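S.K.: after the sequence you'll find the predicted model.
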Number of protein chains: 2
Amino acid sequence: MAKYSIFNNIEESDVKKMLNCFEAKKLHYKKDTTILSNIANTTDIGIIESGSAIIIRYNYNGTRTIIDKLTTGEIFGSFSTSHSEELYLISTEETDIIFFNYNRLINRCKKNCEYHNRLIENMLHILSIKMKTFNERIEVLTKKTIREKLLAYFNILTKKQISKSITLPFSLTDLADYLSIDRSAMMREIKNMKEEGLIESKGKKIYLLY
Amino acid sequence: MAKYSIFNNIEESDVKKMLNCFEAKKLHYKKDTTILSNIANTTDIGIIESGSAIIIRYNYNGTRTIIDKLTTGEIFGSFSTSHSEELYLISTEETDIIFFNYNRLINRCKKNCEYHNRLIENMLHILSIKMKTFNERIEVLTKKTIREKLLAYFNILTKKQISKSITLPFSLTDLADYLSIDRSAMMREIKNMKEEGLIESKGKKIYLLY
DNA sequence: TGATATTAGTTGCAAGTGCAACAAAAAAAA
DNA sequence: TTTTTTTTGTTGCACTTGCAACTAATATCA
């Protein structure tokens, strides 16, 4: 899904020229590093070249919410956040990120490189994929009960992993933060679903029986 | 916010040529008309030229959820939905919509019109604004209590309407469907907030006192 | 205009969820 | 390896929320 690169259909030699033209910087981060502490304030666009990261909000009661999980090929920028809250971008493993300037990207450089068009089209494509994942997120979050949230989320995963046997991309602790529900209540509900024969599970491995 | 048009910086005469080139159709809908019954299946891009519409999901228990509210200048398409659920687009007043073909838009027509670039840039801009509103939506939905959801939503509105006195763009019934909470529970919470002196309200008019 | 439909506002009660506080298992670090 | 940290799994209890079933107040339509 995120296999579509922003440099799709652009020659490697041109990619290097462009990175120069956009004043792109490639940076490396260790696991659990705060990459950005206020995403809304960045004027850069970032692309995860390898690794993964999460966008999180710290709630005043000490809990946190995982707003988004980004993996290889995915994009982030000021559009990844609303105006009203401070969100953090944190690596979840060893991660390489390419940053480049948003305005340069949008307003075209003076040279008006022919590959620039292609880049913008690629970005459009990546953004529309991102929109779809946002819609999936909203679909899950708008479910009212914990069980419905879990089933909706498992459903999306089965479609992506094309199997009734799925592996969560999160720890269960993180899953609760992602679904914005209490972890212990979620564990209780998973237990109920197992007892009712809806699913089988062991840690991050879930098997859907319906 | 949605004042930015997809035809920004394009001459009106060119707009007409483009609409032709994209096989664009302009359609008019009366209030409460189902414009699309499965948004995921459309290959068109739609722009609300005037009026407004909502994207909704019917839940199996007879309730419905308002997934998104679209007003003048806003865009929708297959990216407005996830793969897994059937969503409906319904006008909420007299509405004009311009539809055009997504592939034509992305892959460029053979003529390679110079205004085509401008159009794609405009679309990128509109999409990134849309992403922001999606993030706001997620911000609200990830709040755990009804009160927190209401306050987060009111907060976003005060920023948009630049005032502590806000008017909801929804009926209270629709607001509950948008926040994905029970209407009567929401009314109860609004009442509590009034009694605690947090807000004043009468119907869709809300004054924030904090 | 009066009749009809929709929205707003209220309440009791049952069910679901969050919170706190654990123990056990697994993973990571020393 | 052993030690330390993190994650998983469990439960009682209080509180929040959803549901159902109303009435009152507005809108809408004939």
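M.R.: Arrived safely. Numbers count the residues shown, from 1 in each chain, chains lettered A, B, ... in the order given.
S.K.: next, the buried residues of stretch A:178-190.
M.R.: Of all the residues in stretch A:178-190, those buried under the rule 16 or more other C-beta atoms under 10 Å in any protein chain shown are A:178, A:179, A:180, A:181, A:183, A:186, A:189, A:190. (Glycine included, C-beta is placed from N, CA and C.)
S.K.: widest-spaced pair of those?
M.R.: The most widely separated members of the buried residues of stretch A:178-190, counting by C-beta to C-beta, are A:180 and A:190 (16.1 Å).
S.K.: partners of residue A:71 in the sheet?
M.R.: residue A:52 (DSSP bridges).
S.K.: does DNA strand C sit close to the helix or strand hosting residue A:178?
M.R.: Using DSSP states H and E, residue A:178 sits in helix A:172-179. No - shown here: helix A:172-179 not in contact with DNA strand C (C-beta under 7 Å from any atom of the strand), separated by at least 7.9 Å.
S.K.: now do that helix: which elements does it pack against?
M.R.: Secondary-structure packing of helix A:172-179 (3 or more C-beta pairs under 8 Å, 6 or more residues apart in numbering or on different chains; DSSP states H and E): strand A:64-71, helix A:146-161, helix A:183-195.
S.K.: of those, which is nearest residue B:78?
M.R.: Comparing the helices and strands packed on helix A:172-179 by C-beta to C-beta, helix A:146-161 comes nearest, at 15.3 Å.
S.K.: quick one: that closest one to helix A:172-179, angle?
M.R.: Following axes from the mean of the first three to the mean of the last three C-alpha atoms, to 10 degrees, one obtains 100 degrees for the angle between helix A:146-161 and helix A:172-179.
S.K.: how far does helix A:146-161 sit from the chain's center?
M.R.: Here helix A:146-161 is found 16 Å from its chain centre; the criterion is C-alpha atoms, centre = their mean, to the nearest Å.
S.K.: elements contacting it?
M.R.: helix A:114-141, strand A:165-167, helix A:172-179, helix A:183-195, strand A:205-208.
S.K.: make TSV out of these and add distance to residue B:122.
M.R.: Formatted as TSV, those follow (distance: least, C-beta to C-beta, whole Å):
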stretch	distance to residue B:122
helix A:114-141	11
strand A:165-167	39
helix A:172-179	33
helix A:183-195	43
strand A:205-208	43
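S.K.: redo the ones you listed as CSV? Include mean pLDDT.
M.R.: What follows is the helices and strands packed on helix A:146-161, written out as CSV (pLDDT from 0 to 100):
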stretch, mean pLDDT
helix A:114-141, 86
strand A:165-167, 92
helix A:172-179, 96
helix A:183-195, 95
strand A:205-208, 92
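S.K.: by mean pLDDT, which helix or strand of chain A comes out lowest?
M.R.: Within chain A, no helix or strand scores below helix A:102-107, which has a mean of 74 by mean pLDDT, DSSP states H and E.
S.K.: how far out from the middle of the chain is that helix?
M.R.: Distance, centroid of helix A:102-107 to centroid of chain: 22 Å (C-alpha atoms, centre = their mean).
S.K.: so it, near chain B or not?
M.R.: Yes - Helix A:102-107 reaches chain B (C-beta under 8 Å from any C-beta of the partner chain) through residue A:106.
S.K.: need the contact partners of that helix.
M.R.: Helix A:102-107 has contacts (C-beta atoms under 8 Å, 6 or more residues apart in numbering or on different chains) with A:21-23, A:43-45, A:77-78, A:119-120, A:123, B:121, B:124-125.
S.K.: most neighbours among those residues, please name it.
M.R.: Compared across the contacts of helix A:102-107, residue A:45 has the highest neighbour count, 25 neighbours, by other C-beta atoms under 10 Å in any protein chain shown.
S.K.: secondary structure element for it?
M.R.: strand A:44-50.
S.K.: can you list contacts of that strand?
M.R.: Contacts of strand A:44-50 (C-beta under 8 Å, 6+ apart): A:6, A:26, A:35, A:70-77, A:89, A:94-102, A:105, A:123.
S.K.: thank you kindly, that will do.
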